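> everything below, folded, please.
(2 chains)
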Protein chains: 2
Amino acid sequence: MNDEDSTGPGSGARVPADDVHRARAYLLGVAEPPAAALVAFVAEHGPVEAAERVQRGDVPDRVAKETEARRGADRSERDLARAAEAGYRLLTPEDDEWPAWPLLSLEVATGRGADGVAPPLGLWVRGTVRLDQVVDGAVAVVGARAATEYGEHTAAELAHGLVAEEVAVFSGAAYGIDGAAHRGALAAGGPTVAVLGCGLDGGYPAGHVGLLNRVAERGAVISEYPPGAPPARHRFLVRNRLLAALTAGTVVVEAGRRSGARNTSSTAGVLGKVVMAVPGPVGSATSLGCHELIREAYATLVGSVSDVLSTVGRLGERRGESTAPRPRRPTDELGPQALRVHEALSRRRGRSPEVVAEESGVPLARVRALLPELELSGFAERCETGWRLTTDVPDRVISPDSVTGREERRPS
Amino acid sequence: MNDEDSTGPGSGARVPADDVHRARAYLLGVAEPPAAALVAFVAEHGPVEAAERVQRGDVPDRVAKETEARRGADRSERDLARAAEAGYRLLTPEDDEWPAWPLLSLEVATGRGADGVAPPLGLWVRGTVRLDQVVDGAVAVVGARAATEYGEHTAAELAHGLVAEEVAVFSGAAYGIDGAAHRGALAAGGPTVAVLGCGLDGGYPAGHVGLLNRVAERGAVISEYPPGAPPARHRFLVRNRLLAALTAGTVVVEAGRRSGARNTSSTAGVLGKVVMAVPGPVGSATSLGCHELIREAYATLVGSVSDVLSTVGRLGERRGESTAPRPRRPTDELGPQALRVHEALSRRRGRSPEVVAEESGVPLARVRALLPELELSGFAERCETGWRLTTDVPDRVISPDSVTGREERRPS
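The predicted model follows:
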């Protein structure tokens, strides 16, 4: 990628590093994600003061534990220079482009005491799309490295079809299903986003360097790990929380028994996100994990693009205006689970998330994520005894994007 | 089949036709099943008096409607003679061998006002097993006529594996999945039972005459239609209620969109029976119906024999005594849904089936079927306000068989 590429909307952050970016680059190099105590410390004191105090060791014990090993090495200048040279940028929560809304699920889950799902301190981004826009309604398509031809074909077809419906496809850039998903999305013109468990210039996996270049051209390659950080097994698991948080739902295409699929689904569950799985022939070892997820009701079976869209609640949302002449009720744009949660609320008295979960049949973790969404959309409100329906129902759902003033999906 | 075969336990009914058998044979020839009003009339007056009154036309209007077209033709002597000659028998509710327990689900559903699920007035049986014993824990394996090689292979494998676990396989003897299921069961030595939508000697389907002969040798071929009755589309749907009622659950192996699979699943649902479906490649049209059933939670995904056994709640039940050294709690032999229903009951006050369904997450129809089972097993009892836990929990589950004194599964 050369400098001529850096005129897109994503180039806003590629100005000379300011104090905030330098501080965040330092913190990203110091702590191994997810660093819950450090994230909370930064939220309290701001990144610049937090970075200075980390550097001097003037921090509470919890923060010290997360930072003491590497706090002496300030690689922020080097990392930012390396990024500028290689054509990528550091995105921070202070930037307009920060995908604050989807990452809120990580904050909410961490606030509830969930482990290992602290939000990232920043994201290194190489790409041509605005991350805050490309995440809107995006879907993660992931699966086994050791995939079958059936699995790779299905992943590519799904990704292709999702992009054709203007849904961005996120994946993890691994061999097998992940690579097939990125390729299918690229074949439809993108956008597709790769979330890595190593530094952006780690050159990993080796056989996907060319693929990642194309992903960066038609979407983005992102990572919370500093430039040069090597891949590691635990980093892929940590990375999975970002795939789950940044998307509306995750589709597992092929997964063996005892695979990462269960990790993916439990992370998504903690964040209140939808997990989907693609079935396959019952004799195929690489479909066993998917069948387990479906059988045990951790995942919803999806066999087509429209299955995926209706599961994440977006069927007809993008193209619906032209193809659906019927009058739209305010709740028409709610996903099926949101609708059930909405129906389980009372106008008179507040109900706890536990009661709503029981009445709606929607898992509690998902209810906890949907109630704030319904509040932001104007459908529900908090009261002393829990949550209840608002008395004035809005004419239309106000999407999270319109709440934050972001109406456009991505630059055309 | 010659007379030497008629010494088995099933030969008890092959004595010279008594009044009851003659009356039931007449009634089976007169009314098109399911004949809810006639069944109720027979239950009230007994088969002999009911048959006489039907013959004279001395019946209430509802019964007249079901019987007036054919009441003048008494084909009972001819049908019984034809059966004796061809080596099959008429089984009636008055016979010890009548599978009263599983057919109770039809009575219960009819009593609740469900349409089209009246119990049969009798069953023509050609076979070597006792029907009351072979139904114990049996599973129906059904599916599309236009099946793929994958579907037929899977059906045969499942049926083979179920029989190896001493679970009898029921099916409908059609081409495709049904035939493959019978063949797989036969390859494991049987037993397998074919439930027909036409008379036993209808010679239908033509290509399965040899297969049906083998099924009769290692199991049974049964029908409520009189000898010679031709097949008809509506009779296959009516027959499906018997497949659902006589088995603990139904596995749909392959089914196209808008196939009979939905009928099968809704009938089973009305009877409170478990519906299972086998997934397949997402591109296969003959797996679409299965995927729909699973996706919409009408069916539980099964990919193996142990999936089927655990879904119908029999995993480890037959062979468990020798392989499971852990101490068994009384509730260990309850299926997963029965266990959830059990857990939703209170010891102090009665709960309605609706409340139990909500608390347990088990569908209401299934709750309504499970509560009487839990009562018979000594776990639950009726009270003024609904159902509650019994105060004295039995040491072991008393199975329906031991309640009725039938401990043996089938003659060895």
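
> mind checking the backbone torsions on residue A:221?
phi -120, psi 120 (degrees, to the nearest 10).

> who's in contact with it?
By C-beta atoms under 8 Å, 6 or more residues apart in numbering or on different chains, the residues touching residue A:221 are A:88, A:125-127, A:173, A:193-194, A:196, A:200, A:212, A:215. The way it works is simple: take the backbone N, C-alpha and C, and place the C-beta from them, glycine included.

> same question, residue A:297
No contacts exist for residue A:297 under C-beta under 8 Å, 6+ apart.

> if I pick the residue positioned nearest the centre of chain A, what's in contact with it?
The centroid of chain A falls nearest to residue A:246 when counting by C-alpha atoms, centre = their mean (1.5 Å). With contacts defined as C-beta under 8 Å, 6+ apart, residue A:246 is in contact with A:99, A:102-103, A:135, A:138, A:140, A:170, A:193, A:195.

> what do you get for residue A:161?
A:188, A:304-305.

> how far is the helix or strand containing it from where the chain is centred?
Per DSSP states H and E, residue A:161 falls inside helix A:149-164. The chain centroid and the centroid of helix A:149-164 are separated by 20 Å, computed with C-alpha atoms, centre = their mean, to the nearest Å.

> now the element after that helix, going C-ward?
Following helix A:149-164 in sequence, per DSSP H and E, is strand A:169-171.

> sorry, back to before: which among the contacts of residue A:161 gets closest to chain B?
Chain B has its nearest neighbour among these in residue A:304, at 6.9 Å by C-beta to the nearest C-beta.

> from residue A:178, how far out is that closest one?
20 Å (C-beta to C-beta, to the nearest Å).

> could you do residue A:310 as well?
Residue A:310 is 24 Å from residue A:178, by C-beta to C-beta.

> out of these two, which sits in the busier spot?
Ranked by neighbour count (other C-beta atoms under 10 Å in any protein chain shown), residue A:310 and residue A:178 place residue A:178 first, with 29 against 17.

> so what does the strand or helix carrying the more buried one touch, helix or strand wise?
Taking DSSP H and E as the criterion, residue A:178 maps to helix A:177-187. Judged by 3 or more C-beta pairs under 8 Å, 6 or more residues apart in numbering or on different chains; DSSP states H and E, helix A:177-187 is in contact with strand A:139-142, helix A:149-164, strand A:169-171, strand A:192-195, helix A:209-218.

> what comes up buried for that helix?
Neighbour-count burial for helix A:177-187 flags A:177-186 (criterion: 16 or more other C-beta atoms under 10 Å in any protein chain shown).

> dump those to TSV, plus distance to residue A:234.
Below are the buried residues of helix A:177-187 laid out as TSV (distance: C-beta to C-beta, whole Å):
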residue	distance to residue A:234
A:177	21
A:178	18
A:179	22
A:180	25
A:181	23
A:182	23
A:183	27
A:184	29
A:185	27
A:186	29
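
> which of those lies closest to residue A:42?
Of all these, residue A:42 sits closest to residue A:178, with 30.7 Å by C-beta to C-beta.

> correct me, but the closest one touches residue A:169?
No: the pair residue A:178 / residue A:169 is not scored as a contact, 10.3 Å apart, by C-beta atoms under 8 Å.

> between those two, what contacts are shared?
By C-beta under 8 Å, 6+ apart, the residues touching both residue A:178 and residue A:169 are residue A:141.

> output the contacts of residue A:221 as TSV; include the columns neighbour count and pLDDT.
Compiled in TSV, the contacts of residue A:221 are given as follows (neighbours: other C-beta atoms under 10 Å in any protein chain shown; pLDDT from 0 to 100):
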residue	neighbour count	pLDDT
A:88	26	94
A:125	25	97
A:126	25	97
A:127	28	96
A:173	24	95
A:193	30	98
A:194	28	98
A:196	26	96
A:200	27	94
A:212	22	96
A:215	26	97
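
> want to throw the residues you listed into CSV with distance to residue A:292?
Output for those, formatted as CSV (distance: C-beta to C-beta, whole Å):
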residue, distance to residue A:292
A:88, 38
A:125, 35
A:126, 36
A:127, 35
A:173, 25
A:193, 28
A:194, 27
A:196, 27
A:200, 34
A:212, 31
A:215, 30
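
> how about the contacts made by the residue in the stretch 151-300 of chain A that chain B sits nearest to?
Going by C-beta to the nearest C-beta, chain B is nearest to residue A:279 of the stretch 151-300 of chain A, at 3.3 Å. Listed by C-beta under 8 Å, 6+ apart, the contact set of residue A:279 reads A:287, A:290-291, A:294, A:301, A:303, B:279-282, B:287, B:291, B:294, B:301.

> what is the neighbour count of residue A:77?
Count around residue A:77 with other C-beta under 10 Å applied: 12.

> ugh, wrong one, residue A:81
When neighbours are defined as other C-beta under 10 Å, residue A:81 has 12 of them.

> how close does it sit to chain B?
47 Å (C-beta to the nearest C-beta, to the nearest Å).

> quick one: that residue is in a strand?
No: secondary structure of residue A:81 (DSSP: H, G, I helix; E, B strand; the rest coil): helix, not part of a strand.

> what about it, distance to residue A:88?
With distances taken as C-beta to C-beta, residue A:81 is found 12 Å from residue A:88.

> what's the answer for residue A:113, then?
34 Å.

> count the residues that sit near residue A:239.
Other residues close to residue A:239 by other C-beta under 10 Å number 23.

> which ones are touching it?
A:172, A:195-197, A:223-224.

> what does the stretch 251-400 of chain A put close to chain B?
Within the stretch 251-400 of chain A, the positions lying close to chain B (C-beta under 8 Å from any C-beta of the partner chain) are A:278-283, A:287-288, A:291, A:294-295, A:300-304, A:307, A:358-359, A:361.
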